[in-house]
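> give the three-dimensional model of this entry:
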Amino acid sequence: MSEQYVIAIDQGTTSSRAIIFTHEGTIVSSGQKEHEQIFPRAGWVEHDPIEIWNNVREVIGQALSKANLTRHDIAAIGITNQRETAVVWNKKTGQPVYNAIVWQDTRTQSIVDRLAADGGVERFKQIVGLPLATYFSGTKIVWILENVDGAREAADAGDLIFGTTDSWVLWNLTGGVDGGVHATDVTNASRTLFMDLETLEWRDDILEAFNVPKSMLPTIKSSSEVYGVASDNSLLREVPIAGILGDQQAATFGQAAFDAGESKNTYGTGNFLIFNTDTEIVHSKNGLLTTLGYKLGDAPAHYALEGSIAVTGSLIQWLRDNLGIISSAPEVEELAKTVDDNGGAYFVPAFSGLFAPYWRSDARGALVGLTRYVNKGHIARAALEATAFQTREVLDAVNADSGVDLTELKVDGGMIANNLLMQFQADILGVPVVRPVVAETTALGAAYAAGLATGFWANLDDLRANWQEDSRWTPNMEPEERDRQLRNWKKAVTKTLDWVDADTQE
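Below you'll find the model as predicted:
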């Protein structure tokens, strides 16, 4: 029998990718295609689910053809996805009733306020681990039911179903209207506001409070089991789909952070730090989310604390697309290197409000400390530093909640190729920052989950053996300078608060 591989479908915020991995966790080939970012109004962010599904099919073909492989060479399929992005579609026609509403979207603030009127934003937090916020899927479903013509009636009739993009891909990949599997895993379910962290089941009382029919929701499964096989019209027909992990949990899994106290930070469109709390549910007192880390088959669920930052890599895209001071994202490092420091400028990118540890939907972005001295190099540097400062505040919250100070930070995601950022991150944290050899940890984590379920990998020790260090940055900033920079950053954050009110509501 020829050598076998595992393919991961990574349905992300800006693109869909398919990556084929070896047993050693190395990349054989990949395909990638961006999808359109749709901004109908300020604060609204949408994707076209049909475009996403078509792109997923295309990138699978790209990855297979580049490696000269067929479905017979693939042992299993894993799926990872942008988590809170909500798709509602008609199960009889396969057509979405509206565009996917993206996790960054803030249109549902009035729904959040309405639900929070009885018990505040932490009304359900003890049960679901999350505050009421526009970030999560639940309020996005409510918006669609309340604002799309005919949606409420179709949902009440049992014709509409909901899923995050893992469910959308799984349903289509397993046949769609012709027997498609409607399921999700515990990590994605934990981002809806509807799942009980202890029972790992949908909460009827919360669904009633949101007025969302339970018939819309996917079946909750573990992160590593066979959900179904690819349908006959797929290039991967009959290959088992056996792993699903939300993107941040997938990256944690790909970093082999399986045990209590292990963590990772992903630098993508936003930043997401996950700290493994093992089988214990830890409720944050410092603005972090309590979420599912992973669940392997019938084994107990593993939980995590998460610090979610809305805008990091997307700030660099904003410099490119909205301001035009760079023509490609990698150019930001060279531009930032033209100056020695930020020139006194601090950039707080609260474009969608502030996520962890503040959870302030009334915040909006601010560039402060400007003088005539500041040039575009300083602004580029301030934009990069914003990512590091936000990560520092999240890490402080993790240390406070866990009672154990992190001694080093494992990193992954697109921005870790930026050496200037990684050095500043180590400087502002005061601990080493470590990059693995295989930086595509999100896709790797999904592949691992699928491979474990099908016997491609025997156990977690197999996966730990694959992890290798590539680069390490150690802090070299004086403590006094670190304190000064952090003090200025926190001052800058205060300038973003209380911006959105009755006069400025989008």
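
> chain center to the helix or strand where Ile428 lies: distance?
When elements are assigned from DSSP states H and E, Ile428 belongs to helix 419-429. A distance of 22 Å separates the C-alpha centroid of helix 419-429 from that of its chain, computed with Cα atoms, centre = their mean, to the nearest Å.

> for it, C-alpha coordinates in CSV please.
Listed in CSV are the C-alpha atoms of helix 419-429, where the atom choice follows Å, rounded to 0.1, in the frame of the first residue of the first chain:
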residue,chain,number,x,y,z
ASN,A,419,10.8,39.3,13.2
LEU,A,420,10.5,42.8,14.4
LEU,A,421,7.1,42.1,15.9
MET,A,422,8.3,38.8,17.5
GLN,A,423,11.2,40.6,19.2
PHE,A,424,9.0,43.4,20.5
GLN,A,425,6.5,40.8,21.7
ALA,A,426,9.2,39.1,23.8
ASP,A,427,10.4,42.5,25.0
ILE,A,428,7.0,43.7,26.2
LEU,A,429,6.1,40.3,27.7
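
> how long is stretch 130-144 end to end?
With Cα to Cα, to the nearest Å as the measure, the first residue of stretch 130-144 is 21 Å from its last.

> just the buried residues of that stretch, please?
Judged by neighbour count (16 or more other Cβ atoms under 10 Å), stretch 130-144 contains these buried residues: 130-144. Where you see a C-beta, it was placed from the backbone N, CA and C, and this is true even at glycine.

> look up how far Ala183 lies from the nearest residue to Ile50 once chain neighbours are set aside.
The spatially closest residue to Ile50, leaving aside those adjacent along the chain, is Pro96, at 6.9 Å (Cβ to Cβ, 6 or more residues apart in numbering). Spatial separation of Pro96 from Ala183 under the definition Cβ to Cβ, to the nearest Å is 18 Å.

> same check on Gly377?
Counting by Cβ to Cβ, the gap from Gly377 to Ala183 is 49 Å.

> neighbour-wise, which of the two wins?
Comparing Gly377 with Ala183 by other Cβ atoms under 10 Å, the one with more neighbours is Ala183, at 22 against 18.

> that one pairs with what?
Thr219 (DSSP bridges).

> shift numbering so it begins at 669
Taking 669 as the first residue, the last one we looked at is Ala851.

> circling back: most widely separated two among the buried residues of stretch 798-812?
Taking Cβ to Cβ, the two most distant members of the buried residues of stretch 798-812 are Pro799 and Ile812; they sit 21.3 Å apart.

> output the longest helix belonging to the chain.
Using DSSP state H, we find that the single longest helix of the chain is helix 1044-1070.

> quick one: residues in contact with the helix or strand harbouring Ile809.
Following DSSP H and E, one finds Ile809 within helix 805-815. Taking contacts as Cβ atoms under 8 Å, 6 or more residues apart in numbering, the residues outside helix 805-815 that touch it are 752-754, 756, 765-766, 769, 773, 775-776, 779-780, 783, 800-801, 819-820, 823, 830, 832, 859-862, 878-880, 884.

> of the residues you listed, buried ones?
When burial is judged by neighbour count using 16+ other Cβ under 10 Å, the buried members of these are 752-754, 756, 765-766, 769, 773, 775-776, 779-780, 783, 800-801, 819-820, 823, 830, 832, 859-862, 878, 880, 884.

> alright, calling it a day.
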